[in-house]
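make a model of this:
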Amino acid sequence: MVTKLLHTRYRVSDLEKTVYFYKEVLGLQEVRRSRSSRGSELVFFKAPNSAEEIEICKFDESGPVQVGPDLTHLAFEVDDIEAFGRHAAAKGYPLSDGPSPSGTGSVIAFLDAPEGYEVELIQRAK
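Residues are numbered from 1 along each chain as shown. Have a look, this model is predicted:
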């Protein structure tokens, strides 16, 4: 039986563009970089109040990255979705959808990350 989630991997073609997005737009902490035994370039990130990590992998030998619409996304909690939207837009990543109220009183929005991945933002109901 598994005991906890450790990390999620997303493969990318442009590692540095994606690193910029996760650090400068989302504000995640870069935890470490390494190269796997097969030659993958790996960068791990962590959100301030989370134990799980996000692994970004660049491995050109696997071919081009193709992310289908509505295939997968990461969801992050934010304190102020409007302020985050202004910050992200100033960095070149405007919200792609929302902010919109949810049925639970929270507010959600979406942001398009590099490579076609999607990020969901959730401002919890007060």
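
for His87, phi and psi?
Main-chain torsions, His87, degrees, to the nearest 10: phi -60, psi -50.

that one and Leu71, how far apart?
His87 is 26 Å from Leu71, where distance means Cβ to Cβ, to the nearest Å. (C-beta placed from N, C-alpha, C; glycine too.)

which one's more surrounded, those two?
A side-by-side neighbour count of His87 and Leu71, using other Cβ atoms under 10 Å, places His87 first with 16 against 10.

tell me the contacts of that one?
Taking Cβ atoms under 8 Å, 6 or more residues apart in numbering, we find His87 in contact with Val25.

can you give me the helices for the protein?
Per DSSP state H, the chain carries helices over the ranges 15-20, 81-90.

redo these as JSON lines? Include distance to Pro101.
Shown next, in JSON lines, are these (distance: least, Cβ to Cβ, whole Å):
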{"stretch": "helix 15-20", "distance to Pro101": "30"}
{"stretch": "helix 81-90", "distance to Pro101": "11"}
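
format those as a markdown table; extra columns: distance to Val67 and mean pLDDT.
Compiled in a markdown table, those are given as follows (distance: least, Cβ to Cβ, whole Å; pLDDT from 0 to 100):
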| stretch | distance to Val67 | mean pLDDT |
| --- | --- | --- |
| helix 15-20 | 12 | 96 |
| helix 81-90 | 19 | 97 |
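
looking at those helices, which is closest to Glu115?
helix 15-20 (6.6 Å; Cβ to Cβ).

just checking, what packs against that closest one?
Packing partners of helix 15-20 (3 or more Cβ pairs under 8 Å, 6 or more residues apart in numbering; DSSP states H and E): strand 41-46, strand 53-58.
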